[in-house]
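fold the following and give me the result.
(chains A and B)
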There are 2 protein chains.
Amino acid sequence: MTTSPVAIVRVQLGERSYSISVGSNLLGAAASYQDLPRGSSAVIVSNETVGPLYAERLAAALAGFYPKVDVVLLPDGEAHKTWPTLQTIFDAMLAAHCDRSTTVFALGGGVIGDLAGFAAACYMRGVAYVQVPTTLLAQVDSSVGGKTGVNHPSGKNMIGAFHQPLAVVADVDVLESLPERELVAGLAEVIKYGAVADDSFLGWIEASLPALLARDKPSLVQAVTRSCHIKAQVVASDERESGVRAILNFGHTFAHAIETGTGHGTWLHGEAVGCGMAMAADLSVRLGLIEPAHAARIARIVAAAGLPLRAPALGVARYLELMRMDKKAEAGQLRFIVLEGPGRAAVRGADAAAVAATIESFGG
Amino acid sequence: MTTSPVAIVRVQLGERSYSISVGSNLLGAAASYQDLPRGSSAVIVSNETVGPLYAERLAAALAGFYPKVDVVLLPDGEAHKTWPTLQTIFDAMLAAHCDRSTTVFALGGGVIGDLAGFAAACYMRGVAYVQVPTTLLAQVDSSVGGKTGVNHPSGKNMIGAFHQPLAVVADVDVLESLPERELVAGLAEVIKYGAVADDSFLGWIEASLPALLARDKPSLVQAVTRSCHIKAQVVASDERESGVRAILNFGHTFAHAIETGTGHGTWLHGEAVGCGMAMAADLSVRLGLIEPAHAARIARIVAAAGLPLRAPALGVARYLELMRMDKKAEAGQLRFIVLEGPGRAAVRGADAAAVAATIESFGG
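Here you go, the predicted model:
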């Protein structure tokens, strides 16, 4: 095994600070885990798709550091990001006699990260966990911020916790096995960071889309590193999402309505975010905040990445109903993350008429 | 309604600091809640026993501060401190359109506090909550420390979170409606504070037991205030229970084994703690840490309070098995909170033979 250069992104959160390692040949290398605190056991939480590919390699890398390494495999997919699946993890951890010094390793995409992280947050009132994200979406999104949780029939991520990982190991090699559709979905969040916080990064993304879609490793390392860096800066200034962190939800109010309205799992989260960003940019034009040309550029990049630009036809009334259920709709008012210019975003209330016009113009 | 003097205990936890008000005429007084941050709604979580007695008065006191006050009534009893009951709270809060600015009011004993507090910790990744404890046990124990959670068939409080309340309102008037057995159970924790941290308080308790059992209000205010003060000092120095806070679990390793072994709800928690403290004091003698006379004094006070001194006959092997499942049994070693002298406690490992001798001498 060759050693490769590793990019490190530090997430500054006081005593909860941690590092994200981004590179090649990381997942199966013992060196990736050598600085973690030891404990009585490790438990790898993964799913039936990813587990068979990587759990054994991860377990082998951890074997020198923990007396015992257990593996819990969950069914794959957003449809299983539920309360009963969480119970499955607790049952398995209790059966394996996991204690307060156990470290949970989340090996998988965002669903596994959210489930395993929330299980770690609640198991014996909180144990440590490490993220080993295996999708582009998870590497650029769920690996920073400490958001964990499960869905409820009434809405996504309604039940959860803020629980920071000890460390994140983002190995771009695993993206080789990622289905094309999921790679594309992950690019939605990469585009988002450029759109809300760094216009020069957005330009780099636009130019690099062919390389990223061809899974060029240096380009992927660059995309993941810069995305994590931007997210880490935003999260460090607002860990509990009371203010500026909300800009990371650009496109997400529309996206959550799309995902809930079509049934979780029909659209991939990133696909919904892609369409949602184009919609939020359109709404920003309607609110007089940006020029139509800037919204058109966002839509063009979304489309070039292979993301959908047409919203599912749920009807305006259903969209509004779903968005009022969203966590960001405080005290009944609809709130959106809007663009105020290239690389600049803000939270704004919007009247239902403007929102309805956006939904209609996207075929919703 | 007359206004009464209120004792305030401040729990110092940095930005999570809060105050406990102890006194008469507090629960139904708007003034008890006037300093709380406002929000879109309040939700009172209570049970079918306590709710009908006090929920209306609490709702009336809150009505001036929140546009909407909902009530969620759960079945009564430790047997319902479960994952499915938690789901009931989430369902009710989502149906009531609770949002991130909702404040949860836990109106009831420790079970309600743990359930409502954990629900608040997880609802939309965390909303505020206020404890309005209606049992002596909850007033002196669950109202300080931020421990929340539910039981699992494998053990008590296996799933939970540390989540500090905004405030605690401990009204001793509500103790008038408390069944005798529960009042006695609550005294177990009061005795505990004296035993582990304040021998002069233990002396006061011994002298005041008749007044406390007669529900003399000034004595109850004194017992609750000093208990909360001791617990607050310990918790402030160890919020996440990594060290000294463990002494508050004096008697609890035996107690959890009793409760789990007899089936949750058969013994009241305080009853099990009463017996467990006498057992832990006995173990301390066997480990050569205290004189037999001190253990005898602890047992005498436990008995004088009306608490049981005879452990259920589960058999030594079953006790040891149950205690190895306990959260405090890290990496397989049995650990106990022992007394090192009057008002002094510590965590110690103990070999199975000494523990077995204690269990046998208490009829276990």
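
low-confidence ranges in the stretch 51-200 of chain A?
For the stretch 51-200 of chain A, no stretch has pLDDT under 70.

all the helices of it, residue numbers only.
A:51-62, A:83-95, A:110-122, A:136-137, A:180-197, A:199-213 (DSSP state H, counting those that start in this stretch).

nearest to A:Tyr18, of these?
helix A:110-122 (12.5 Å; C-beta to C-beta). The way it works is simple: take the backbone N, C-alpha and C, and place the C-beta from them, glycine included.

what angle do the closest one and helix A:51-62 make?
Between the axes of helix A:110-122 and helix A:51-62, defined by axes from the mean of the first three to the mean of the last three C-alpha atoms, to 10 degrees, the angle is 50 degrees.

does helix A:110-122 come close to chain B?
Yes: against chain B, helix A:110-122 shows contacts by C-beta under 8 Å from any C-beta of the partner chain at A:Ala121, A:Cys122.

picking up where we left off before, any chance of the helices of the stretch 51-200 of chain A in CSV, with mean neighbour count too?
Output for those, formatted as CSV (neighbours: other C-beta atoms under 10 Å in any protein chain shown):
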stretch, mean neighbour count
helix A:51-62, 18
helix A:83-95, 18
helix A:110-122, 28
helix A:136-137, 28
helix A:180-197, 25
helix A:199-213, 17
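
reformat those helices as TSV; add distance to A:Ile8.
Output for these, formatted as TSV (distance: least, C-beta to C-beta, whole Å):
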stretch	distance to A:Ile8
helix A:51-62	18
helix A:83-95	29
helix A:110-122	19
helix A:136-137	19
helix A:180-197	18
helix A:199-213	18
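
ok, which of these comes nearest A:Met323?
Nearest of these (C-beta to C-beta): helix A:180-197, 18.4 Å.

interface residues of the stretch 151-300 of chain A facing chain B?
Going by C-beta under 8 Å from any C-beta, the residues of the stretch 151-300 of chain A near chain B are A:His152, A:Ser154, A:Gly155, A:Asn157, A:Met158, A:Ile159, A:Gly160, A:Ala161, A:Phe162, A:Arg240, A:Glu241.

again, only using 7 Å
With C-beta under 7 Å from any C-beta of the partner chain as the criterion, the stretch 151-300 of chain A meets chain B at residues A:His152, A:Ser154, A:Met158, A:Ile159, A:Gly160, A:Ala161, A:Phe162.

from these, list the buried ones, please.
A:His152, A:Met158, A:Ile159, A:Gly160, A:Ala161, A:Phe162 (16 or more other C-beta atoms under 10 Å in any protein chain shown).

thought the second one was touching B:Met124?
The reference is to A:Met158. Yes: the pair A:Met158 / B:Met124 is scored as a contact, 6.2 Å apart, by C-beta atoms under 7 Å.

okay, among the residues of the stretch 151-300 of chain A next to chain B, which ones form the most distant pair?
A:Ser154 and A:Phe162 (20.6 Å).

other SSEs contacting the helix ranked longest in chain A?
Longest helix in chain A, counting residues (DSSP state H): helix A:217-236. In this structure, helix A:217-236 packs against strand A:7-11, strand A:18-23, helix A:180-197, helix A:199-213, with contacts taken as 3 or more C-beta pairs under 7 Å, 6 or more residues apart in numbering or on different chains; DSSP states H and E.

and the last one, what does it pack onto?
Just to be clear, that refers to helix A:199-213. Helix A:199-213 is packed against helix A:180-197, helix A:217-236, helix A:292-304, with contacts defined by 3+ C-beta pairs under 7 Å, 6+ apart.

just the second one next, same as before
Where contact means 3+ C-beta pairs under 7 Å, 6+ apart, strand A:18-23 is packed against strand A:7-11, strand A:167-171, helix A:217-236.

need phi/psi at the residue of chain A most remote from its centre.
Using C-alpha atoms, centre = their mean, the residue of chain A lying farthest from its centre is A:Pro67. It sits 31.3 Å away. Main-chain torsions, A:Pro67, degrees, to the nearest 10: phi -60, psi -20.

quick one: the nearest residue to A:Gly28 once chain neighbours are set aside from A:Arg348, how far?
With C-beta to C-beta, 6 or more residues apart in numbering or on different chains as the criterion, A:Gly28 has its nearest non-adjacent residue at 3.9 Å, and that residue is A:Arg57. According to C-beta to C-beta, to the nearest Å, A:Arg57 and A:Arg348 sit 46 Å apart.

okay, the helices and strands packed on helix A:217-236 in TSV with distance to A:Lys81 next?
Output for these, formatted as TSV (distance: least, C-beta to C-beta, whole Å):
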stretch	distance to A:Lys81
strand A:7-11	23
strand A:18-23	22
helix A:180-197	15
helix A:199-213	26
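
nearest to A:Phe118, out of those?
Short answer: strand A:18-23, nearest of the helices and strands packed on helix A:217-236 by C-beta to C-beta, at 17.3 Å.

hmm, A:Thr260 and A:Trp267 touching each other?
No: assessed by C-beta under 7 Å, A:Trp267 is found out of contact with A:Thr260, at 10.0 Å.

the closest residue to A:Met277 other than its chain neighbours: neighbour count?
Residue nearest to A:Met277 in three dimensions, not counting chain neighbours: A:Gly251, with 3.5 Å by C-beta to C-beta, 6+ apart. Around A:Gly251 there are 30 other residues, counting by other C-beta atoms under 10 Å in any protein chain shown.

A:Gly251 contacts A:Ala281, correct?
No: the criterion here is C-beta under 7 Å, and A:Gly251 misses it with A:Ala281 at 8.4 Å.

what's the closest non-adjacent residue to A:Arg50?
Residue A:50: Val, not Arg. In space, A:Val50 is closest to A:Gly108, 4.6 Å off (C-beta to C-beta, 6+ apart).

name whatever forms a beta bridge with that neighbour.
Assessed by DSSP bridges, A:Gly108 has beta-bridge partners A:Pro133.

what's the distance between it and B:Ala161?
23 Å.

before we move on, back to that, what about the residue farthest from the centre of chain A, distance to A:Gly39?
From A:Pro67 to A:Gly39 the distance is 9 Å (C-beta to C-beta).

same check, this time on A:Gly155
35 Å.

what does the pLDDT read for A:Glu330?
At A:Glu330, the predicted lDDT confidence score is 55.

which residues sit in contact with the residue farthest from the centre of chain A?
A:Ser40, A:Ser41 (C-beta atoms under 7 Å, 6 or more residues apart in numbering or on different chains).

ok, for A:Leu53, nearest residue in space, not its chain neighbours?
A:Ser177 (6.1 Å).

quick check: the one you found touching A:Tyr54?
No: A:Ser177 is beyond contact range of A:Tyr54, at 8.6 Å (criterion: C-beta under 7 Å).

could I get the pLDDT score of A:Ala278?
pLDDT, A:Ala278: 98.

from A:Ile359, how far off is the closest residue to it other than its chain neighbours?
If the residues on either side of it in the chain are set aside, A:Ala278 comes closest to A:Ala299, at 4.4 Å by C-beta to C-beta, 6+ apart. As for A:Ala299, its distance to A:Ile359 is 15 Å (criterion: C-beta to C-beta).

who has more neighbours, the two?
A:Ile359 (26 against 20).

ok, that one touching A:Glu321?
No: using C-beta under 7 Å, A:Ile359 makes no contact with A:Glu321, being 11.8 Å away.

what parts of the stretch 1-150 of chain A come near chain B?
Residues of the stretch 1-150 of chain A lying near chain B (C-beta under 7 Å from any C-beta): A:40, A:83, A:87, A:90, A:94, A:99-101, A:121-126, A:147, A:149.

average pLDDT across the longest helix of chain A?
94.

contact partners of that helix?
Contacts of helix A:217-236 (C-beta under 7 Å, 6+ apart): A:7, A:9, A:11-13, A:20, A:22-24, A:139-140, A:143-145, A:170, A:172, A:175, A:189-190, A:193, A:197-198, A:201, A:208, A:211-212, A:244-245, A:247-248.
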